[in-house]
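Peer 1: From the sequence below, what's the structure:
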Amino acid sequence: MILIVSLHAQDARPKIGLALSGGGAKGFAHIGVLKVLEEVGMPIDYISGTSMGSVIGGLYAIGFSAADLEEIALSTDWLAMFNDRQERRHLGMPLKYRDTRYSVTLALEGRKIQLPSGITAGHRIYSMLNHLTLPAQSFDDFNDLPIPFSCVATDIVTGEAVVLNQGNIAEAIRASMAIPTVFTSVKIGDRQLVDGGLVRNLPAEDARKMGADFVISVDVSTRLLHEEELTSFLAIMNQTLNFQILASNAAQRDSSDIVIQPAVIEESSADFDKVAFFISEGEKSAREMLPQLQAIADSLKGEVQQIPVGKLALNESINITGIETDGLSEEYRRLILGELDYQPPVWTSLNTLEEKISRLYNTQLFSRMGYTLKPSEDGFVLVIRFVEKSDNLLRIGFRYDSKSDASLLLNTSFRNWLWFGSNLFVDMRLGGDPQFDLQYFSPPNTFLGLGGLFRFNHTQENLDIFEDYARIARYRLNATIAEGMVGNLYDEKVSLAAGLRAEYIHEEPSIAPASFQEISDALLSYFFRLKIDTYNKSMFPTAGCGILFRMDGSDKRVLSNFTFRRYLLDARTVVPLNERFSLLGNLFLGASEKSEMPLHYQFALGGIDRPLYFLGEATTFLGLKTQESFGSNVQAIQVGVQFEAFRQQYIQFRWNAGNSFDEWRVSFERNRFVTGWGITYGVETLLGPMEFSVTSGNRREFLSHLNIGYKF
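Peer 2: Numbering: from 1, shown residues only. Predicted structure coming up:
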């Protein structure tokens, strides 16, 4: 762990203060300046920072060197820090399914929609800060750090500048950098705090008030936009903020003895992919003032004392002697203690502890979580800090694809309805294939760990009938079902469930010859489901597998019009070859024991990401139109490669072979299988994937498909 030692120079010499401004990504230039200050042997007695300046300044104050900060800055995926989507590998099966459906999530407070105070709660960047500052969190007073430190935030209620110099250092830094509308505000004490740049972006006066006789300020602020750049409401809004920031900066520069201004004024504060450039510019600007800086440092020679620096060892074992939570109901406290599965006193590694905290966050009960290790007589007391999410949510999804046109998905979710730990999801899909879906998950049984699911669904879909690869009819399917199942439904990787389903199906020909009649069927069926999901992410996974095995059956002797048994295996895998290439594989097999299986239970091949009623996951078979190959048995295989050409931009090459049959048999005779291939270009966006595919095969020469948005 970082060794915290307070070694301050004698009172005889002038004290040096360092003021680091905010500036978003441009704040990485502070690291370059620190490299030069270390090189000349400049003693730093006080550090004040705002926004990104508080991040760099706070970490330097607790003992990280400029080289350490450079390594952290260059190795961190900063764009990912702005995305608080939970790690998919830790989501339970119901949440994995819903991880890829909604573009907008809003809290419901009573009958009112609660708009968020920011795009993201900042959990990821807060977790990183919490981890990096963990050894210093035992210091409640920031003046006791190796270098005394303070940071500036803004009280969004009063508009006052708030100097943070005590408490939890990770919380203080997070508040100082809470950019309005980007990050949610942070409540500390009775103050609701946002980015300090609104009131004092360059905190030179704060370094002076801490006791500095000589202040070195590093200013990476922005500039006023020119007239031709004021072309949008966002540009005009930024300009109004810049007036205040630049006026404040001018006064703070007057309070400084030296001002270092890296040549980054024309750069964007959002350019987090230019970390190395900003560090280089900071170093270059400091070197331009090298004679002046060296002269100051030389005049103080003999007074510099080094602060020992170490690294936080994730495999280091610690003794947890107690666990504290703040403000939780007894139910939530039991949940947290159950998930942590610690019985103090207990030895654990920091790596294991952070993994457990991450799993807690992925319950989606909290918008932000952190922890502190408070020294005790024989070890540490684990103190968990959190911000709870609303129990009730309104979520919206949008999708367009060239097969079914535009669809809108509206969802309301209610947590702890009837029983603590339960979830009620109500979905309504509007568009070409409307659907109403209600799912109620009961909490897992504490003895067996089993949960229950009740579902009611009404769906309308088109079902095309082909003969010799020409469409001869289209049915409009109206299906109403009610089902219940029990199993380990909440498991993160493997889910086993069994249940009963009652359904009423009405199939009406919408485009068909007169010989096609209306069909109405009632069924009481049973089913068994095994599901495995280890994908590392929902959109364009680069590793993992997805396996679905289903058995469905019905008997005329028990409230059914059909006797049949159907088996389905849909096995998919993504095998990473390196950071950019992954191999894709898919085996799709379906078989039935009776030929009188109802039409909507039969298997189909053809189309891209086309769900078929009760078939399971959405399937893709290249080179055929949607549902073009139809039968009571199916055999298909698909292989391919995925290449990440640019960040979050993918190219897939896939080939498949397969067909549907009236009876199951294994044979590889010529012309038994349809083949197809395709190229897909896809992009990950905040609103979901955008994909365009071109396919061909031995049945169809050219087909194309466009999808925009999450698939539902």
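
Peer 1: mind listing the strands for the stretch 151-300 of the chain?
Peer 2: Per DSSP state E, counting those that start in this stretch, the stretch 151-300 of the chain carries strands over the ranges 161-164, 181-183, 186-188, 191-195, 214-218, 258-260.

Peer 1: pLDDT on stretch 272-287, on average?
Peer 2: Computed over stretch 272-287, the mean pLDDT rounds to 94.

Peer 1: Convert that stretch to CSV, retaining C-alpha atoms only.
Peer 2: The C-alpha trace of stretch 272-287 is given here as CSV (Å, rounded to 0.1, in the frame of the first residue of the first chain):
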residue,chain,number,x,y,z
PHE,A,272,-9.8,11.9,-23.6
ASP,A,273,-8.1,10.0,-26.5
LYS,A,274,-5.3,12.6,-26.5
VAL,A,275,-3.8,11.9,-23.1
ALA,A,276,-0.2,11.6,-24.3
PHE,A,277,-0.5,14.8,-26.2
PHE,A,278,-1.8,16.8,-23.2
ILE,A,279,1.0,15.4,-21.0
SER,A,280,3.6,16.4,-23.6
GLU,A,281,2.2,19.9,-23.9
GLY,A,282,2.2,20.4,-20.2
GLU,A,283,5.9,19.3,-20.0
LYS,A,284,6.8,21.5,-23.0
SER,A,285,5.2,24.6,-21.4
ALA,A,286,7.0,24.0,-18.1
ARG,A,287,10.3,23.6,-19.8
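
Peer 1: can you pull the buried residues of that stretch?
Peer 2: For stretch 272-287, burial by neighbour count (16 or more other C-beta atoms under 10 Å) applies to 272, 274, 275, 277, 278, 279, 280, 281, 282, 283, 285, 286. Every residue, glycine included, has its C-beta placed from N, CA and C.

Peer 1: Also stretch 62-76?
Peer 2: Going by neighbour count (16+ other C-beta under 10 Å), the buried part of stretch 62-76 is 62, 63, 64, 65, 66, 68, 69, 70, 72, 73.

Peer 1: need the buried residues of stretch 272-287 in TSV with distance to residue 297, can you?
Peer 2: Below are the buried residues of stretch 272-287 laid out as TSV (distance: C-beta to C-beta, whole Å):
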residue	distance to residue 297
272	32
274	30
275	27
277	27
278	24
279	21
280	22
281	22
282	18
283	16
285	17
286	12
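
Peer 1: Could you pull out the helices in the protein for me?
Peer 2: Secondary structure of the chain (DSSP state H): helices located at 29-40, 52-62, 66-75, 93-98, 123-133, 169-176, 204-210, 233-254, 275-287, 290-299, 330-340, 350-361.

Peer 1: I'd like to check the angle between the third one and helix 275-287, please.
Peer 2: So the one you mean is helix 66-75. Computed by axes from the mean of the first three to the mean of the last three C-alpha atoms, to 10 degrees, the angle separating helix 66-75 from helix 275-287 equals 150 degrees.

Peer 1: got a list of contacts for helix 66-75?
Peer 2: Contact partners of helix 66-75, identified using C-beta atoms under 8 Å, 6 or more residues apart in numbering, comprise 28, 31, 34-35, 37-38, 56, 59-60, 64, 132, 275-276, 279, 309, 311.

Peer 1: so which of the residues you listed is the most crowded?
Peer 2: Within the contacts of helix 66-75, most neighbours by other C-beta atoms under 10 Å means residue 28, with 31 neighbours.

Peer 1: Can you tell me how far that one is from residue 280?
Peer 2: According to C-beta to C-beta, to the nearest Å, residue 28 and residue 280 sit 10 Å apart.

Peer 1: from the contacts of helix 66-75, which has minimum pLDDT?
Peer 2: Pick the lowest pLDDT in these and you get residue 309, at 38.

Peer 1: and among the strands of the stretch 151-300 of the chain, the most buried is which?
Peer 2: Of all these, strand 214-218 has the most neighbours on average by mean count of other C-beta atoms under 10 Å, namely a mean of 24.

Peer 1: Output that strand as CSV - backbone C-alpha positions only.
Peer 2: The C-alpha trace of strand 214-218 is given here as CSV (Å, rounded to 0.1, in the frame of the first residue of the first chain):
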residue,chain,number,x,y,z
PHE,A,214,4.6,31.6,-3.5
VAL,A,215,2.0,30.2,-5.8
ILE,A,216,2.6,28.4,-9.1
SER,A,217,-0.6,28.1,-11.1
VAL,A,218,-1.2,25.8,-14.0
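
Peer 1: now the angle from that strand to helix 52-62?
Peer 2: Angle between the axes of strand 214-218 and helix 52-62 is 130 degrees (criterion: the same axes, to 10 degrees).

Peer 1: next one: stretch 329-346 to chain centre, how far?
Peer 2: Mean-position distance between stretch 329-346 and its chain equals 25 Å (C-alpha atoms, centre = their mean, to the nearest Å).

Peer 1: who's in contact with it?
Peer 2: Residues from elsewhere that reach stretch 329-346, judged by C-beta under 8 Å, 6+ apart: 319-323, 325, 328, 348, 356, 359-360, 363, 365, 378-379, 382, 384, 388, 416, 420-421.

Peer 1: same thing but 10 Å
Peer 2: With contacts defined as C-beta atoms under 10 Å, 6 or more residues apart in numbering, stretch 329-346 is touched by 318-323, 325, 327-328, 348, 352-353, 356-357, 359-360, 362-363, 365-366, 369, 376, 378-382, 384, 386, 388, 416, 420-421, 443, 446.
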